[in-house]
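> Fold the following.
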Amino acid sequence: MSARLTPAVLAIAIGVLLAVACFVPYVARQYRRRGELGIGNAVLALAGLIYGLGLVAYVLVPFPTVGPDFCAVSGAGGPQLVPFNFLRDMQKEATGSGIAATLRNPALTQVLLNVALFVPLGMFVRYMFRRGVVATAVIGLAVSLLIETTQLTGIWFLYPCAYRLFDVDDLMANGLGALAGALAAPVLRAVPGQRLGAEPGAPRPITRSRRVLAAVCDLLIFKLSGVLVATVGTVLVVAVNGELFDEDGTRIGHLAGQEAAQFVGVWLPWLVLAVVLPLAGSATSLGQRIVRLRVVAGDGSAPGARARLVRSLTGVGGYLLLVQLGDLPVLTTLSLLGSAFAVVSFVALFTTSGFRGLSCRFARLRMVDARTLSAEPAEPAR
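Model (predicted):
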């Protein structure tokens, strides 16, 4: 993979992972602040996240290998502090005359790339954070100065010398790009799915997409909680037992403890989210609460304990129970049953009256918008 392509690929990969980790709190905030998700806002947030990571990766990646002669071979030398020095570089790099030859000049290409690199920054800062043109340009210059200083100091003295050049022309080009992006920011209004369908506190209709979004949030809450519990358990096992190895270098000693941590990471979140919380009095899953849905009995009253547990075990909780039991060697066929259950449940979200889904139908419950039950305070939409 080329050095120019590596930062972009790395930014996309890390961006997707962070987007998955942050998806649930992002959806919760959007529903709290706007009353709905807004697919356009989500797309812009993801684009901004990937762009920011790409900018960081562009500064840091690839990491050079430090050898005895690192500074002599890879050192960038002193900073370039002469404004418009790129014009002199263009004269040195010139290979012909005319507009076409000028546009192909490597020195000019570098300047234009530095301008283009900060155009998205200007657009995102002004549009998504509601900053003025001047403030956005200043923020762009500040970010560029941070980048250039990071390069000048060898990633803040992690390297014995700077391996990339501090160039005042880059600083000016980045600032110009941020300014251009600030002026072009209104273009982002054309991204569909940003306008509010109603005031944040006004009830919304229960739709297929909203029900699916709640199910996705529930699955992520289960899975991310399991990862967190297993990770904490594994760290504690290693901290107590240390790293033990046999003669051929194979890690042993706390393997049983790690397996126990993984087991707890799988079953503890399921027990709490699928059994304890419903029995404690909540028929509505966390994912459904995030998208401001509530589960009620047919007459609008609070469901009883039996109905709450049935709803949980015939929803995401039941699917995960089958899948997790299917991971056991003697119960592998349950994984297939879990997959079939997931398909049937997904179809039921689209075909049951009021989009109740399979779980509410089994429990004889129905789904309503939470804002029809109480006036929940909402942050002002921005």
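> Ala137 - nearest residue in space that isn't next to it in sequence?
Using CB to CB, 6 or more residues apart in numbering and skipping the chain neighbours, the partner closest in space to Ala137 is Leu179 (4.3 Å). In short, each C-beta sits where N, CA and C put it, glycine included.
> name the element the one you found belongs to?
helix 168-184 (DSSP states H and E).
> Downstream of that helix, the next helix or strand is which one?
Using DSSP H and E, the helix or strand that follows helix 168-184 towards the C-terminus is helix 208-241.
> That next one: which residues count as buried?
Across helix 208-241, burial judged by 16 or more other CB atoms under 10 Å covers 210-222, 225-226, 229-230, 233-234, 237-238.
> do stretch 265-277 as well
By neighbour count on 16+ other CB under 10 Å, the buried set for stretch 265-277 is 265-266, 269-270, 273-274, 277.
> ditto for stretch 154-170
154, 159, 161-164, 166-170.
> How about stretch 122-133?
Buried residues in stretch 122-133 (16+ other CB under 10 Å): 122-128, 131.
> Next: stretch 103-114.
105, 107-108, 110-111, 114.
> coming back round to it: what's the distance between the helix holding Leu179 and the middle of its chain?
27 Å (CA atoms, centre = their mean, to the nearest Å).
> Give me the contacts around it.
79-86, 111-112, 114-126, 131-133, 136-137, 139-141, 143-145, 147-148 (CB atoms under 8 Å, 6 or more residues apart in numbering).
> Please save the CA atoms from the helix or strand hosting Ala72 in PDB.
Element membership of Ala72, judged by DSSP H and E, is helix 70-74. C-alpha atoms of helix 70-74 as PDB (Å, rounded to 0.1, in the frame of the first residue of the first chain):
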ATOM      1  CA  PHE A  70      18.100   8.300  11.500                       C
ATOM      2  CA  CYS A  71      18.600  12.100  11.700                       C
ATOM      3  CA  ALA A  72      21.300  12.000   8.900                       C
ATOM      4  CA  VAL A  73      19.100  10.000   6.600                       C
ATOM      5  CA  SER A  74      15.500  11.000   7.400                       C
END
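> now whichever helix or strand comes after it, how far from the centre of its chain.
Per DSSP H and E, the first helix or strand lying C-terminal to helix 70-74 is helix 85-93. Chain-centre distance of helix 85-93: 41 Å, with CA atoms, centre = their mean.
> OK, contacts around the nearest residue to Val227 once chain neighbours are set aside?
The spatial neighbour of Val227 that comes closest, neighbours along the chain excluded (CB to CB, 6+ apart), is Gly265 at 6.8 Å. Taking CB under 8 Å, 6+ apart, we find Gly265 in contact with 226-231, 233.
> one step back: ok, how many other residues are close to the residue nearest to Ala137?
22 (other CB atoms under 10 Å).
> separation between it and Ile139?
Distance, Leu179 to Ile139, by CB to CB, to the nearest Å: 11 Å.
> Tell me how the protein divides into domains.
For the chain, the structural domains run 1-63, 74-197, 208-372, going by automatic domain parsing.
> Would you mind giving those as JSON lines with mean pLDDT added?
Formatted as JSON lines, these follow (pLDDT from 0 to 100):
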{"stretch": "domain 1-63", "mean pLDDT": "89"}
{"stretch": "domain 74-197", "mean pLDDT": "91"}
{"stretch": "domain 208-372", "mean pLDDT": "88"}
